[in-house]
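A.B. asks: got a sequence here, can you build the structure:
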Amino acid sequence: MYIGSPDTSKDKIGKPTLRKQERIIAILSTIGASAGYALMLSLTQFSFEKVLKKDTFLVVFEMQIYTSIVATFFCVLGLFSSTEFMDLKSEMEKFNEGKAIYVASLIGTVLALQICTVGVVGLVYLVSSLFSNVVSMLSLPFVPVVGVVFVR
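C.D. replies: Numbering: from 1, shown residues only. Sure, this is the predicted structure:
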């Protein structure tokens, strides 16, 4: 069920409210995502130490390329299996700032995420997965602030 669907209840001022079951699912999903991210960092450190056994910074980029290829494959597979790819053109046309800004924002998002991921994997390589996770979580609140500063 989605917020705003006919089955969702509303509060006194008409905003949709979440039921207890939906809150529990949201909390468990958040905890699961955090645990999955920490596990990914730990597995990355394990692969650096036990599997790759290389002592160059090039291995960080190799790790980034391999994980990006796998992630891209699953994202494209999900996009085409859900038939959402048919909505992409209309979504771009409905974007208020125009098609060029839409494409530029997608490219900017991709570049920013790749730079972030290279930094995270680099921290795992140079220090540890625990330190990388701590830095990632401490920097998380600054992302919306930086977004507001650049969008204004």
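A.B. asks: what's the spacing between D55 and R19?
C.D. replies: With distances taken as Cβ to Cβ, to the nearest Å, D55 is found 53 Å from R19. No exception for glycine: its C-beta is placed from N, CA and C like everyone else's.
A.B. asks: swap that for A112, sorry
C.D. replies: Noted for A112: a distance of 35 Å to R19, by Cβ to Cβ.
A.B. asks: same deal with A33?
C.D. replies: For A33, the distance to R19 (Cβ to Cβ) stands at 21 Å.
A.B. asks: one more: F80?
C.D. replies: F80 is 33 Å from R19, by Cβ to Cβ.
A.B. asks: what do you get for F57?
C.D. replies: Using Cβ to Cβ, F57 is found at 49 Å from R19.
A.B. asks: and for F46?
C.D. replies: Relative to R19, F46 is positioned 40 Å away (Cβ to Cβ).
A.B. asks: just the helices in the chain please.
C.D. replies: 20-46, 58-81, 88-94, 99-126, 129-139, 142-151 (DSSP state H).
A.B. asks: what mean pLDDT does the last one have?
C.D. replies: Helix 142-151 shows a mean pLDDT of 81 in the predicted model.
A.B. asks: going forward, the N-terminal residue is numbered 21.
C.D. replies: Let's use 21 as the start, then, which means that last one is helix 162-171.
A.B. asks: dump it to PDB, restricted to CA.
C.D. replies: Once non-C-alpha atoms are left out, helix 162-171 reads as follows in PDB (Å, rounded to 0.1, in the frame of the first residue of the first chain):
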ATOM      1  CA  PHE A 162      25.500  17.100   5.400                       C
ATOM      2  CA  VAL A 163      24.300  15.900   2.000                       C
ATOM      3  CA  PRO A 164      20.800  17.600   2.200                       C
ATOM      4  CA  VAL A 165      22.500  20.800   3.500                       C
ATOM      5  CA  VAL A 166      24.800  20.900   0.500                       C
ATOM      6  CA  GLY A 167      21.900  20.100  -1.800                       C
ATOM      7  CA  VAL A 168      20.000  23.100  -0.500                       C
ATOM      8  CA  VAL A 169      23.000  25.400  -0.800                       C
ATOM      9  CA  PHE A 170      23.600  24.500  -4.400                       C
ATOM     10  CA  VAL A 171      19.900  24.400  -5.500                       C
END
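A.B. asks: that'll do, ta.
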